[in-house]
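> Just to be clear, the model below is a prediction. Sequence and coordinates:
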Amino acid sequence: MAGAIIENMSTKKLVIVGVILLLFQAFAFMVGGLIAPSPTTAVHYLATKCVDITKHRVGTKWFMPWGPNQCDKIQSFDEAMAKKVEANNIVFAVHIPLPNKEMSPWFQFMLVILQFDIAFKMYNQIDEGAMAMIDVGLAYRDDTVSEWTEMAHSFEQRKLNCNFTTSKTFENEGRYYECDLLPFMEVGSVAHKYYLLNIRLPVNERKKINVGIGEIKDIRLVSIHQNGGFTKVWFAMKTFLTPSILIIMIWYWRRITLMSRPPVLLEKVILALGISMTFINIPVEWFSIGFNWTWMLLFGDIRQGIFYSMLLSFWIIFCGEHLMDQTERNRFSVYWKQVGPIVFGSFCLFIFDMCERGVQLTNPFYSIWASDVGTELAMAFIIVAGICACLYFLFLCFMVFQVFRNISGKRTSLPAMSKARRLHYEGLIFRFKFLMLVTLTCAAMTVIFFIISQVNEGHWHWGEHTVQVNSAFFTGIYGMWNLYVFAIMFLYAPSHKRYGDGQSSGQCITGDAGGNSGEDIQLTTTITHVDGPSEIYKMTGKEAQE
Amino acid sequence: MLDGHLLLGWLSFTVIVYLLNLPGPTTAYFGLTGNEPLSILPLNSLPEENVGRAHYKLCDRLKLEKKQRRMCRRDPGVAETLREAITMSALECQYQFRFERWNCTLEGRHRANILKRGFKETAFLYAISSAGLTHAMAKACSAGRMERCTCDEAPDLENRKAWQWGGCGDNLKYANKFVKDFLGKRSNKDLRARVDMHNTNVGMKVIKAGVETTCKCHGVSGSCTVQTCWRQLLPFHEIGKQLKQRYETSVKVGSSTNEATGEGEISTGRNQQLPPQQPPPQPLPGLNDQIPRTMDLLHIEDSPSFCRSSKYSSGTAARKCYKDKNCDAICCGRGHNTQSREVTRPCQCQVRWCCYVECKQCTQREEVYTCKG
């Protein structure tokens, strides 16, 4: 791949392209910051304690915390104790959303977190490693009057990870333990308007179920969903970006096929990068508005995973192809050592994701972190993936270092080279340095904005406007990597400057092209595929022009 | 259920005491500081279910101001929440002061008289009332008890749109706004009224300062590329504890009772050593009408001793105390009676998480200490 557009472009044009891209970048940030609301909303729910008075249960009865047909409530468990209500007859009911609101498919997903309020009692402390056994049912309906339809029902175990910060004395009775958040539920699509959760904590002393879990005072839930406005902005962005990347991809590939040589590895990898970007961009999420596709969340993860591994592979191969150490590469198999960790790491994450979100397709209450074996397994996957990532970055850093070493080596010998050879190397160096700079900038921007969005409270007030930092981060970074892929495909596409007026490279070559034909041949033999024959074409083309 | 529970049960009983309805100069507040008798508190009893306008009755019984009544009637959930707020703050106040000379007796004229003055105890009552109301409001919001909660600024259709577009503010924000509206912002020249207002605000601020932000990561494969944070209230026990600490370090402002002289002599007195992390007492401005912007509770005059029966309390005679702990302090040096008696109590209880306790009955000899009269 030689004679890329970037080398043959005048600085002026390059600056113009850069400015246009920067404008788009700023636009992407502004769309998120000014138009979109914050990406997600968390809503608190306090479970209402209902009493199940039915003696013989026929089918499932659903308990509503408020509104018409609400259940028989108790305020506290002291009341239950006085009324001699058994634990098995107490139902914690939570209606999602709160009164006068309804859920919408635009919310994309909903995940719910469980928190127990457990009061400290001297004679009823939480045992070491206590597990709470939760009998939970989820139902939905689409209008306020119809019957509830069951969506899922499950017995789940959650480990209570609580500690009591003050001393365990009589004086401190009634104060609450500090408990870890428990993952509770995750649904990948919000197709219905109303959801109802009924939670029970059945007690069975013989089987030691729900014994020694302390005095649970309340159950609190926090539900998190994507904001409808953010979804709309996000979809709009995807819908806009898909054709742009697609068009530049087709243009890029046409350029390559127009050449008389077969495409080299780097060109194929760039195309693959474009394809994976398009894969992420395609707004299939539009379907989630009409269809109840719960697998969308998992699918999104897979798409992102593919893109990330493609991007990482691209960096490695790009470095490798610019090593300038006269070895024959241009084959994917040469890079197995570097690409291996990426593939293996992302495979691990894929398995992990399948174990968590895959199982959640059938049981929304499933959590891999709930059981000890699951936790160890999940940790193992994540650690292996982490090691792979470290390995990869070591390889990448080493390669970049090698390239720079070679560059400085070549620099010293550049003046002694023939012009064509020098231009070739200068082109290589420029190409490499440019990508290096752009990549580092993008990566740094990502990290910086990530930190800003984490540190910040979520929004800035800027005059009369409220800037949603988190949304700006998502749209901005998403836009940035799109522009990155766009720029790479545009700038690293083979140039056909030989037809037009040679500007930067052409002018230099014309001077002594004739005298150096011997060395040119030598050049092409030593670094055939890295440069490809197009270099010769350029040379010959120039000569012909002369 | 052992001691703690019995204590609470006893406390809740004491709250159900009719109080005299005395109008005072800075009354018309709410909760423990309102002039209504705390008679609306048959605890734990549910109101008649939403039969029409049952909540109107409750609102009327709460003896609210005009604006407050309007806010109460607007939503059936409010009345219930107001009642819960009173209960909560009353119980917490009594819990926090159970070992003190003034044990937060809310009965009769004592409370009304305390509210007429500017003691530290007055300050605490104001603060715990507003804190209780804020807490109860936020809780009621998340329990779905209120019809209008967050997102209530606009007409109905727009609410729905707002919710679908960007969610709503959190319930704490709403609770704060509600309480500010409810308790009203009165500009008052009277120093005591302003101190009361300040203490009310301290209650709300303590709630606000005690908010914990919790986050959950839910990005690709559960990574932290996407995370959502929310604010969570501290348990009300913690709030009560913090307010009690502020009560102990309360700052005295204003010239002592004699406002007519207009000298503007302001004494800053702290009754106890500050915890180290607190800022040093700010130099108070020399004008009476300036109230320092602090998170400290303010009081105007020194508290009575609460030892003997007086306008403000029934004294500590016959109060139960704990030997080696607070008998000396509570009994004001009058000494205590020791009574030995046999008590049968449930013991070695096996408690299940709910509603079931299996206890043995143990008979113990127990010494009960009460203050001499």
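On my side now, so go ahead. Numbering: from 1, shown residues only, chains lettered A, B, ... in the order given.

> Regarding stretch A:461-480, how distant is the last residue from the first?
End-to-end distance for stretch A:461-480: 24 Å, by C-alpha to C-alpha, to the nearest Å.

> Need the residues that contact it.
Stretch A:461-480 is contacted from outside by A:24-25, A:27-34, A:36-39, A:230, A:233-234, A:237, A:241, A:442, A:445-446, A:449-450, A:452-453, A:456, A:458-460, B:226, using C-beta atoms under 8 Å, 6 or more residues apart in numbering or on different chains. The C-beta positions use only the backbone N, C-alpha and C, and glycine is treated the same way.

> which other residues reach the helix or strand in which B:Val179 is found?
Using DSSP states H and E, B:Val179 sits in helix B:171-183. Identification of contacts with helix B:171-183 by C-beta under 8 Å, 6+ apart yields A:44, B:29-30, B:68, B:71, B:130, B:133-135, B:137-138, B:141-142, B:149-150, B:152, B:200, B:204, B:207-208, B:211, B:231, B:233.

> what's the next secondary structure element after it?
Downstream of helix B:171-183, the first helix or strand assigned by DSSP H and E is helix B:191-209.

> Give the other helices and strands that that following helix contacts.
Counting by 3 or more C-beta pairs under 8 Å, 6 or more residues apart in numbering or on different chains; DSSP states H and E, the packing neighbours recorded for helix B:191-209 are helix B:120-142, helix B:171-183, helix B:236-248, strand B:298-299.

> List the neighbouring strands of the helix or strand just after that helix plus their orientation.
Note on helix B:191-209: by DSSP H and E, the next helix or strand toward the C-terminus is strand B:212-217. Applying DSSP bridges, strand B:212-217 is found paired with strand B:227-232 (antiparallel).

> what bridges to B:Cys362?
Residues in beta-bridge contact with B:Cys362 (DSSP bridges): B:Arg345.

> confidence score at it?
pLDDT recorded at B:Cys362 is 83.

> check contacts around it.
Contacts for B:Cys362 (C-beta under 8 Å, 6+ apart) come out as B:Thr344, B:Arg345, B:Pro346, B:Cys347, B:Gln348.

> And B:Gly210, by the same measure?
Contact partners of B:Gly210, counting by C-beta under 8 Å, 6+ apart, are B:Leu233, B:Leu234, B:Glu238, B:Ile239, B:Gln242.

> so how far is A:Tyr176 from the closest residue to chain B within the stretch 351-500 of chain A?
Closest residue of the stretch 351-500 of chain A to chain B, C-beta to the nearest C-beta: A:Asp353 (4.7 Å). Using C-beta to C-beta, to the nearest Å, A:Asp353 is found at 34 Å from A:Tyr176.

> near chain B, which residues of the stretch 51-200 of chain A?
Listed as neighbours of chain B in the stretch 51-200 of chain A under the rule C-beta under 8 Å from any C-beta of the partner chain: A:65-66, A:70, A:73, A:75-81, A:84-87, A:90, A:95, A:97-102, A:104, A:106, A:111, A:113, A:117, A:121-124, A:170, A:173-176, A:181.

> for the stretch 251-373 of chain B, which spans come out with low pLDDT?
Applying pLDDT under 70 to the stretch 251-373 of chain B flags residues B:255-291, B:350-356.

> for it, what spans make up the strands?
Under the criterion DSSP state E, counting those that start in this stretch, strands of the stretch 251-373 of chain B are mapped to B:251-252, B:298-299, B:320-321, B:336-351, B:357-371.

> what comes up buried for the last one?
Along strand B:357-371, the positions that meet the burial threshold by neighbour count (16 or more other C-beta atoms under 10 Å in any protein chain shown) are B:Val357, B:Tyr369, B:Thr370, B:Cys371.

> Name whatever forms a beta bridge with the second one.
Meaning B:Tyr369. Beta-bridge partners of B:Tyr369, as defined by DSSP bridges: B:Cys321, B:Thr338.

> give me every residue that touches B:Ser223.
By C-beta under 8 Å, 6+ apart, the contact set of B:Ser223 is B:Cys217.

> mind running it again at 10 Å?
A:Asp301, A:Leu349, A:Ile382, B:Cys217 (C-beta atoms under 10 Å, 6 or more residues apart in numbering or on different chains).

> Nearest to A:Thr412 among the residues you listed?
Of all these, A:Thr412 sits closest to A:Leu349, with 43.9 Å by C-beta to C-beta.

> thinking that closest one is in contact with A:Ala385, fair?
Yes: with contact defined as C-beta atoms under 10 Å, A:Leu349 reaches A:Ala385; the gap is 5.0 Å.

> which residues do the two both contact?
B:Ser221.

> Which residues outside stretch A:283-291 are in contact with it?
Residues outside stretch A:283-291 that contact it (C-beta under 10 Å, 6+ apart): A:104-109, A:188-191, A:231, A:234-242, A:293-297, A:299-300, A:303.

> for chain A, what are the low-confidence residue spans?
A:1-2, A:56-59, A:326-328, A:456-458, A:497-546.

> buried subset of the contacts of stretch A:283-291?
For those, burial is judged from neighbour counts taken by 16+ other C-beta under 10 Å, and it is met by A:104-109, A:188-191, A:231, A:234-235, A:237-238, A:241-242, A:293-294, A:296-297, A:300, A:303.

> Put the alpha carbons of stretch A:348-365 into PDB.
Taking C-alpha atoms only, stretch A:348-365 is exported to PDB below (Å, rounded to 0.1, in the frame of the first residue of the first chain):
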ATOM      1  CA  CYS A 348     -13.200 -15.000  27.200                       C
ATOM      2  CA  LEU A 349     -15.300 -11.900  27.500                       C
ATOM      3  CA  PHE A 350     -17.800 -13.300  25.000                       C
ATOM      4  CA  ILE A 351     -18.200 -16.500  27.100                       C
ATOM      5  CA  PHE A 352     -18.600 -14.400  30.200                       C
ATOM      6  CA  ASP A 353     -21.200 -12.300  28.500                       C
ATOM      7  CA  MET A 354     -23.100 -15.300  27.300                       C
ATOM      8  CA  CYS A 355     -23.000 -16.700  30.900                       C
ATOM      9  CA  GLU A 356     -24.500 -13.500  32.200                       C
ATOM     10  CA  ARG A 357     -26.600 -11.800  29.600                       C
ATOM     11  CA  GLY A 358     -27.200 -14.900  27.600                       C
ATOM     12  CA  VAL A 359     -28.800 -16.700  30.500                       C
ATOM     13  CA  GLN A 360     -30.700 -13.600  31.400                       C
ATOM     14  CA  LEU A 361     -32.600 -14.000  28.100                       C
ATOM     15  CA  THR A 362     -34.400 -16.900  29.700                       C
ATOM     16  CA  ASN A 363     -34.200 -15.800  33.400                       C
ATOM     17  CA  PRO A 364     -34.000 -12.100  33.900                       C
ATOM     18  CA  PHE A 365     -33.100 -12.600  37.600                       C
END
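
> where exactly do the strands run in the stretch 201-350 of chain A?
A:215-226.

> Chain B contacts on that one?
For the stretch 201-350 of chain A, the residues in contact with chain B (C-beta under 10 Å from any C-beta of the partner chain) are A:201, A:203, A:205, A:210-218, A:220-222, A:224-232, A:297, A:300-305, A:308, A:346, A:348-350.

> if you set the cut-off to 8 Å instead, what comes out?
Checking the stretch 201-350 of chain A against chain B by C-beta under 8 Å from any C-beta, the hits are A:201, A:203, A:205, A:210-211, A:213-216, A:220, A:222, A:224-225, A:227-230, A:300-301, A:304-305, A:349.

> Shouldn't A:Ala139 be within a strand?
Yes: A:Ala139: assigned to a strand according to DSSP: H, G, I helix; E, B strand; the rest coil.

> what separates the most centrally placed residue in chain A from A:Glu178, distance-wise?
Closest to where the C-alpha atoms of chain A average out (C-alpha atoms, centre = their mean) is A:Gln304, at 5.3 Å. From A:Gln304 across to A:Glu178, the span is 34 Å (C-beta to C-beta).

> what does A:Phe120 give?
For A:Phe120, the distance to A:Glu178 - C-beta to C-beta - is 11 Å.
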